[in-house]
Each structure stands twice: as structure tokens, then as C-alpha cells.
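A.B. asks: I'll drop the sequence and a predicted model, then ask my questions.
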Amino acid sequence: MKYVDEFRDRDRAKSLVKEIAALVSEIDIAKDRPIAIMEVCGGHTHSIFRYGIEGMLPKEIELVHGPGCPVCVLPMGRIDDCVAVAEQPNVICTTFGDAMRVPGSRKSLLQAKASGADIRMVYSPMDALALARKNPNREVVFFGIGFETTMPSTALTILQAEAEGVTNFSVFCNHITIVPTIKAILDDPDMQIDGFLGPGHVSMVIGTNPYEFVAHYYNRPMVVAGFEPLDVLQSIWMVLKQIKDGRAEIENQYTRIVPEEGNAQALDAVYKVYELREFFEWRGLGSIEHSGVRIRDAYAQYDAERKFAMPHLKVADPHACQCGGVLKGLIKPWQCQVFGTACTPETPLGALMVSSEGACAAYYQYGGIKKQAVAS
Amino acid sequence: MCLGIPGRIVKIDDADKKLATVDVSGIKRQVNVACIVDEANPVSSCVGAWVLIHVGFAMSRIDEAEAAETLKILRELGEAQAEMEAMRSSGLR
């Protein structure tokens, strides 16, 4: 496939790994402790496990898998709200497949579907709008999740519904924003991160300028990275080069997709439809200021939170789960007491086991068992 | 959802609604192209463009020159390593 295969060349990956090892040998801090590099985005976590990148790297590099999987950080209370809406008569609830198995406190969307709720998986919010057109006597609700990558798609769908005068369509907005999340990580005294791989596709929308604070105020390097194996390896090399040179800058490895200024059309749609929430609740991380968006008053008729009664209860994460520790990189997935036993991809307790972009599911699927055996 | 997939726009379906057909390795599907058009790049300019698609939306044109540049840097990184290895094995350090 064009623009994919070129970035998967095995030989080139091997020589990059050698370059990385050469660079690490010149970095002083690596002599005392591992260099911690966090990939913020779940897409990178997925690539790192899928291609076995962690295993290729010298032991002096520790990859910390960050909180950037929107499915994984959905708190149980929001799933409960979505289930409550889906169970109302006359509602067709639509969602991306990733969200179907995320556990709520009562049930997941998949379990609600099994017990009779009309819940349908769609590929795009536009498919949900098409369902609304086809079923004018039913209420079609789209479960909107994701960072800035998918925010423009739901915003544009709402704008399209307005333009067509479709009134039986609404979005249950659970979109979250990346910058306050990175800031929360940097402010956490438990976290010791030497550099970041920046999220490629969020940056395609917001550009690279919003990350400047990471370099200026926190003195950490960040490289906005693509998702193919060579992209990830080259970006790790670029972070290490900054550390070796004593620089802290925002660099862009993924220039074929990410313009410095982001995507003006996408941002226009986002600002038109959404505004920041004061707080948003994250699974495992708690409440983070200004980390979520809601639908503006002007588009209230497309806001499922205003259209339907929802319980809006705060539900604590399951006691046995240590998702928070994993999300912050404090423990490895296989160090969680329920990893691979009570919590598996088939019957997940914590959301990190649900999506293939979650660190636990990735460890489980691509070699976590081996690590667990080594650890125990 | 977050990874996206590259495809090539083959046809404009509805210029007003900004809908086009994209070909992803032989699979065709309708996508929204609102995010990759502006005054300088009208809908009609999309045909033939390589784009990255997320959840039914073409979110970015893939910059072919930048892709080539990244591959060139990758190649050079690899070559430098090969050269250093040759130096090491030559024993002349």
C-alpha cells in the first residue's frame, strides 16, 4: 500500500536501531537509569506492540505507554449514560466498534445490545446521520468519542444535519483534548518522563504549535511521530538526539501528514460546534481541567445530553483494576494483579484491555504473556 | 479509529455536500472531503489526490514531497550507520 510499505522496510529498521544504540551510548543519564520516552497516543502503543519495537530497542530505553487511547480512558459513568440512552424506546444508538465492549458499571453496550437495545456499530458518524435520514420516526444517537483526530468528523456531521434540517440525530459528546492531558502528566510528581513521541493524527488537526509549552516550560523534547515502524524508530532517534544535544524542542517527523499550523477547515468546524468543559472525568486519571469539550448552545438540539435524561453518576473504577497506574506508566500492564486472569480482552475489567490501542490489550495480544512469565 | 488509512480520491460524488469516492487498496467508499478543500483547493482538485482517511473523512492530503524527504533522511541515517560499521570493522579508529 502506498505510503505504508515504504515505512516498514526491515533492513532500514535494523540500521535505525543501530543508530539508536550508538546514540544511547553517548547519553550520560542512560548510565544511571533508563531513558523514559512516553508515547502519548494509543495508535503509537498499538504500532510499538504490533511491530515488536520495544524488543528491538536497547535496554537503556524505557517506553512509557501514555493515556492517549480515547476508548481506554472513558469512565464507567459515561458508558452507563450511553447505555441508559440506548435502552430508551425509539432510540437507535450508534457507536464505533471499539467502544462496544468497554465495561460500564451495569453493562457494556454489547451486553445492552444482547438484552434488546437497538445498538449498531458504524464506521463513520456520517453513517449514523444516514440512519437518521432513513428512520425519520426514530431518534438516532451517535456515541462521539476520541481526541482532536475524530472531533472534526462529529462536528461536520452535526453541521451537515443542520444544513439538511435533520432533527432526529444527536451526538453524545465524549470528545477529549490532548494538551491538558499532557500537562497533567508533566505536573504529576510521580512521573519521570525524559521525552515524548507526540500524537501524529491529533497534530494533523491542531498542528505542532500547541505543544510549545512542553519544550519551553517543562524543558522536555517532543517529536510528533507517524505510525509506521520506521516513523516510530526515527522519532525515538530524534528524541534521543535532542537529549544528547541538551535541546528541548518540538520537532515534526510526520511532515507528510502534519502541517505546523494544523488543518484550518477541521479546526473551524470544531470551534463552531464545541466549547471546553470546565472538567472532564478520565478513567484511571480522575478529573482533568478543560480536558473535554461539549456541544455549544447554538447546536443544543444535536446534543444527546440535553435531549435525553441521563443518570450522570460518577462511578469509581473497579477496585482490582490498576488502570491508573498503567496509564501513568507507574506499573507495567503485567504487574497489575488481574492482568490476564480476571481481566482479558474477551472479558475486560478495565478499559485498557478493551481496545487494541490500550496498553494491556496490546501486551496481552503481542507477547505480554512472555513478560508475565519472566516477571513471576 | 485513530490510525486512519491512506487512499486515493477517484470521483467527486456531490460537490455541494463535499462528498467523494475514495479507493483504498481496491475498496471503494464515500468520504467527506470538507477538511481538505478551501478556496485555493476546490473540491474538483481532489480527484487523484492521496489522502489519509479517518472514520469516513479525508483528514489530510498526503504530501508526496515530504514523504520522499522523510524516506531520504531514513536512508541517510541507515547509510551513516553502514559507514560507521565499515570504519569499525576496518580497525582504523
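C.D. replies: Received it, and whenever you're ready, just let me know what you need. Numbers count the residues shown, from 1 in each chain, chains lettered A, B, ... in the order given.

A.B. asks: Residue of chain B nearest chain A, please.
C.D. replies: B:G56 (2.6 Å; Cβ to the nearest Cβ). Quick note: C-beta positions are derived from backbone N, CA and C, even for glycine.

A.B. asks: Return the residues in contact with the residue nearest to that residue when sequence neighbours are not counted.
C.D. replies: Nearest non-adjacent residue to B:G56, counting by Cβ to Cβ, 6 or more residues apart in numbering or on different chains: A:S124, 2.6 Å away. Counting by Cβ atoms under 8 Å, 6 or more residues apart in numbering or on different chains, A:S124 makes contact with A:153, B:55-57.

A.B. asks: coming back round to it: count the residues that sit near the residue of chain B closest to chain A.
C.D. replies: B:G56 sits with 20 neighbouring residues when counted by other Cβ atoms under 10 Å in any protein chain shown.

A.B. asks: where does A:N174 fall, phi/psi-wise?
C.D. replies: phi -120, psi 30 (degrees, to the nearest 10).

A.B. asks: wait, A:W282
C.D. replies: phi -120, psi 140.

A.B. asks: roughly how far apart are it and chain B?
C.D. replies: 16 Å (Cβ to the nearest Cβ, to the nearest Å).

A.B. asks: for A:A132, same thing?
C.D. replies: In terms of Cβ to the nearest Cβ, A:A132 sits 15 Å off from chain B.

A.B. asks: Quick one: distance of the stretch of helix or strand that residue belongs to to the chain centre.
C.D. replies: Using DSSP states H and E, the element containing A:A132 is helix A:125-134. Taking Cα atoms, centre = their mean, to the nearest Å, one finds the center of helix A:125-134 at 25 Å from the center of the full chain.

A.B. asks: Counting neighbours, what do you get for A:A342?
C.D. replies: Neighbour count for A:A342, taken as other Cβ under 10 Å: 15.

A.B. asks: and what of B:Q30?
C.D. replies: 18.

A.B. asks: where does chain A dip in pLDDT?
C.D. replies: Within chain A, the stretches with pLDDT under 70 are A:367-376.

A.B. asks: most centrally placed residue in it?
C.D. replies: A:C69 (2.2 Å; Cα atoms, centre = their mean).

A.B. asks: Over to chain B?
C.D. replies: Taking Cα atoms, centre = their mean, chain B has its central residue at B:I62, 2.9 Å away.

A.B. asks: The nearest residue to that residue once chain neighbours are set aside and A:I206, how far apart?
C.D. replies: Once flanking residues are discounted, B:I62 sits nearest to B:W50: 4.3 Å by Cβ to Cβ, 6+ apart. Distance, B:W50 to A:I206, by Cβ to Cβ, to the nearest Å: 22 Å.

A.B. asks: In terms of packing, which of these two has more residues around it?
C.D. replies: Between B:W50 and A:I206, counted using other Cβ under 10 Å, A:I206 has the larger neighbour count: 24 against 19.

A.B. asks: dump the residue contacts of that one.
C.D. replies: By Cβ under 8 Å, 6+ apart, the contact list for A:I206 reads A:148, A:178-179, A:262, A:267.

A.B. asks: out of those residues, which are inside helices?
C.D. replies: A:178-179, A:267 (DSSP state H).

A.B. asks: Quick check: residues of chain B near chain A?
C.D. replies: Counting by Cβ under 8 Å from any Cβ of the partner chain, chain B comes close to chain A at B:1-4, B:6, B:8, B:17, B:25, B:32, B:34-38, B:50, B:52, B:54-57, B:59-60, B:62-64, B:66-67, B:69-71, B:73-75, B:77-78, B:80-82, B:84-85.

A.B. asks: Show me how to select, in PyMOL, the buried members of the residues you listed.
C.D. replies: Burial among the residues of chain B next to chain A is assessed by 16 or more other Cβ atoms under 10 Å in any protein chain shown; the matching PyMOL selection reads:
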select buried, chain B and resi 1+2+3+4+6+8+17+32+34+35+36+37+50+52+54+55+56+57+59+60+62+63+66+67+70+71+74+77+78+81
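
A.B. asks: In strands, which of the residues of chain B next to chain A appear?
C.D. replies: Of the residues of chain B next to chain A, the ones assigned to strands by DSSP state E are B:6, B:8, B:32, B:50, B:52, B:54, B:57, B:59-60.

A.B. asks: count of neighbours near the nearest residue to A:I29 once chain neighbours are set aside?
C.D. replies: Distance criterion Cβ to Cβ, 6+ apart; nearest residue to A:I29, sequence neighbours excluded, is A:I35 at 6.4 Å. If you count neighbours by other Cβ under 10 Å, A:I35 ends up with 21.

A.B. asks: Is A:I35 bridged to anything, and to what?
C.D. replies: A:I61 (DSSP bridges).

A.B. asks: quick one: it and A:I27 touch, right?
C.D. replies: Yes: assessed by Cβ atoms under 8 Å, A:I35 is found in contact with A:I27 at 6.6 Å.

A.B. asks: what's the overlap in contacts for those two?
C.D. replies: A:60, A:240, A:243.

A.B. asks: now those residues as a markdown table including neighbour count?
C.D. replies: Below are the shared contacts of A:I35 and A:I27 laid out as a markdown table (neighbours: other Cβ atoms under 10 Å in any protein chain shown):
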| residue | neighbour count |
| --- | --- |
| A:E60 | 18 |
| A:L240 | 28 |
| A:I243 | 23 |
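
A.B. asks: Tell me the one of those residues nearest A:I20?
C.D. replies: Comparing the shared contacts of A:I35 and A:I27 against A:I20 with Cβ to Cβ places A:L240 closest, at 6.4 Å.

A.B. asks: a strand runs through that closest one, doesn't it?
C.D. replies: No: applying DSSP: H, G, I helix; E, B strand; the rest coil, one finds A:L240 to be helix, outside a strand.

A.B. asks: Hmm, A:V24 and it touching each other?
C.D. replies: Yes: A:L240 is within contact range of A:V24, at 6.4 Å (criterion: Cβ under 8 Å).

A.B. asks: shared neighbours, the two?
C.D. replies: With Cβ under 8 Å, 6+ apart, A:L240 and A:V24 have common neighbours A:35, A:61.

A.B. asks: Looking at the contacts of A:I206, which one is closest to A:G55?
C.D. replies: A:I178 (27.6 Å).

A.B. asks: just to revisit the earlier point, among the ones in helices among the contacts of A:I206, which one lies nearest to chain B?
C.D. replies: For the ones in helices among the contacts of A:I206, the nearest to chain B is A:L267 (9.4 Å; Cβ to the nearest Cβ).

A.B. asks: which ones are touching the closest one?
C.D. replies: A:L267 sits next to A:152, A:205-206 when contact means Cβ under 8 Å, 6+ apart.

A.B. asks: Which residue, other than its chain neighbours, is closest to residue 64?
C.D. replies: Unless you meant another one, I'm taking chain A. Per Cβ to Cβ, 6+ apart, closest to A:V64 is A:G329, 3.4 Å.

A.B. asks: nope, chain B
C.D. replies: B:E64's closest residue in space is B:W50 (Cβ to Cβ, 6+ apart), at 7.0 Å.
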